[in-house]
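Asks: The amino acid sequence is not available; the structure is as follows:
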């Protein structure tokens with residue numbers, strides 16, 4: 001299976017190398033396309049590529065994987081996915097894997113994650129994707145996260161796409177493989193960096209001030225599962241419209257309001 005590997009920590013990140021190595025060891029056709037520099041927190045941004053129409057890149061070697069095609073781009077991870085999935089770096093992939101991110105990506109703050117944004121971009125283009133993150137710790141268990149990633153990629157590759165391309169957000173505890181309690185399907189917790197605030201700092205700066213959530217995350221949330229030693233797998237939805245029946249005839253009301261505002265004549 002042809003697998004595109006990217007990340008938001010940059011082309012030289014240890015997590016990217018471990019992920020590419022694990023997938024290569026499993027016999028997959030791996031191509032690496034990742035940002036030249038750290039692009040954490042970029043979400044699904046692609047930058048002003050429409051202004052120039054050009055994407056600068058250079059061929060690189062990732063770790064000891066000299067046999068793998070690898071490219072560092074001047075842009076965020078979602079742009080790497082956009083270019084690679086449209087054939088910019090050879091045959092488009094079967095599946096996209098983003099990671100391994102240094103630090104968990106759980107809760108509502110995944111909206112801002114470049115790791116997750118890359119995976120959602122893949123889904124928006126019709127490709128299944130996995131975003132993988134490793135919880136912080138003094139001695140990062142990269143190989144644990146890489147082994148978990150490779151297994152999930154093979155499962156997802158076998159399942160393929162359904163009605164909509166599958167996007168899995170995978171968060172791995174910072175534990176040796178033998179100490180993992182298992183894998184659980186989780187919900188998206190509330191909170192994260194979006195609960196924090198900015199306070200006045202010196203020299204015309206605002207200082208980010210982290211705050212603790214008012215109550216602990218639920219046990220079945222992605223945050224709760226990872227903190228309990230489980231690999232948390234959350235299925236994410238891509239960009240598509242949704243109407244909650246509980247809201248009633250809202251679309252019709254909006255249409256009517258617009259027509260009255262602009263004096264439209266209904267057909």
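Replies: Now that the structure is in, tell me what you want to look at. What you are looking at is a predicted structure, and each value in this text was computed from that prediction instead of being measured.
Asks: Only C-alpha atoms from now on, for both contacts and neighbour counts.
Replies: OK.
Asks: Wait, a strand at residue 150?
Replies: No. Residue state for residue 150 (DSSP: H, G, I helix; E, B strand; the rest coil) corresponds to helix; a strand is not indicated.
Asks: Any figure for the gap between it and residue 262?
Replies: Here residue 150 is placed at a distance of 55 Å from residue 262 (C-alpha to C-alpha, to the nearest Å).
Asks: more neighbours, those two?
Replies: Between residue 150 and residue 262, counted using other C-alpha atoms under 10 Å, residue 150 has the larger neighbour count: 21 against 8.
Asks: so who does the more buried one touch?
Replies: Each residue near residue 150 by C-alpha atoms under 8 Å, 6 or more residues apart in numbering is listed here: 19, 22, 23, 26.
Asks: The second one against residue 146, yeah?
Replies: Yes. Taking contact to mean C-alpha atoms under 8 Å, the distance of 5.9 Å between residue 22 and residue 146 places them in contact.
Asks: Tell me which of the two has more neighbours.
Replies: Taking neighbours as other C-alpha under 10 Å, residue 22 and residue 146 compare with residue 146 leading, 26 against 19.
Asks: Does the more buried one touch residue 17 like I think?
Replies: No. Because the distance of 9.4 Å does not satisfy C-alpha under 8 Å, residue 146 is recorded as not touching residue 17.
Asks: Pull out the buried positions in stretch 123-138.
Replies: The neighbour-count check on stretch 123-138 (16 or more other C-alpha atoms under 10 Å) flags 123, 124, 126, 127, 128, 129, 130, 131, 132, 133, 134, 135 as buried.
Asks: Stretch 11-27 now?
Replies: By neighbour count with 16+ other C-alpha under 10 Å, stretch 11-27 contains the buried residues 11-24.
Asks: and it, what's its mean pLDDT?
Replies: Stretch 11-27 shows a mean pLDDT of 98.
Asks: check contacts around residue 226.
Replies: Applying C-alpha under 8 Å, 6+ apart, the residues near residue 226 are 135, 171, 172, 173, 232.
Asks: now, among those, which is nearest to residue 94?
Replies: Nearest to residue 94 among these: residue 171, at 22.1 Å, using C-alpha to C-alpha.
Asks: What count of nearby residues applies to that closest one?
Replies: Counted with other C-alpha under 10 Å, residues neighbouring residue 171 total 31.
Asks: about what we covered before: could the contacts of residue 226 be laid out in CSV, adding distance to residue 36 and secondary structure?
Replies: Listed next are these as CSV, based on distance: C-alpha to C-alpha, whole Å; DSSP: H, G, I helix; E, B strand; the rest coil:
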residue, distance to residue 36, secondary structure
135, 23, coil
171, 24, strand
172, 25, strand
173, 27, coil
232, 29, strand
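Asks: Just the closest of these to residue 97, please.
Replies: When the contacts of residue 226 are compared against residue 97 (criterion: C-alpha to C-alpha), the nearest one is residue 171, at 13.1 Å.
Asks: Let's check: the centremost residue of the chain is which one?
Replies: residue 116 (1.5 Å; C-alpha atoms, centre = their mean).
Asks: And what about that one, helix, strand or coil?
Replies: Residue 116 - assigned by three-state DSSP - is helix.
Asks: Helices - which of the buried residues of stretch 123-138 land there?
Replies: Counting by DSSP state H, the part of these found in helices is 123, 124.
Asks: coming back round to it: the buried residues of stretch 11-27 in strands, which ones?
Replies: When the buried residues of stretch 11-27 are checked against strands using DSSP state E, none is located there.
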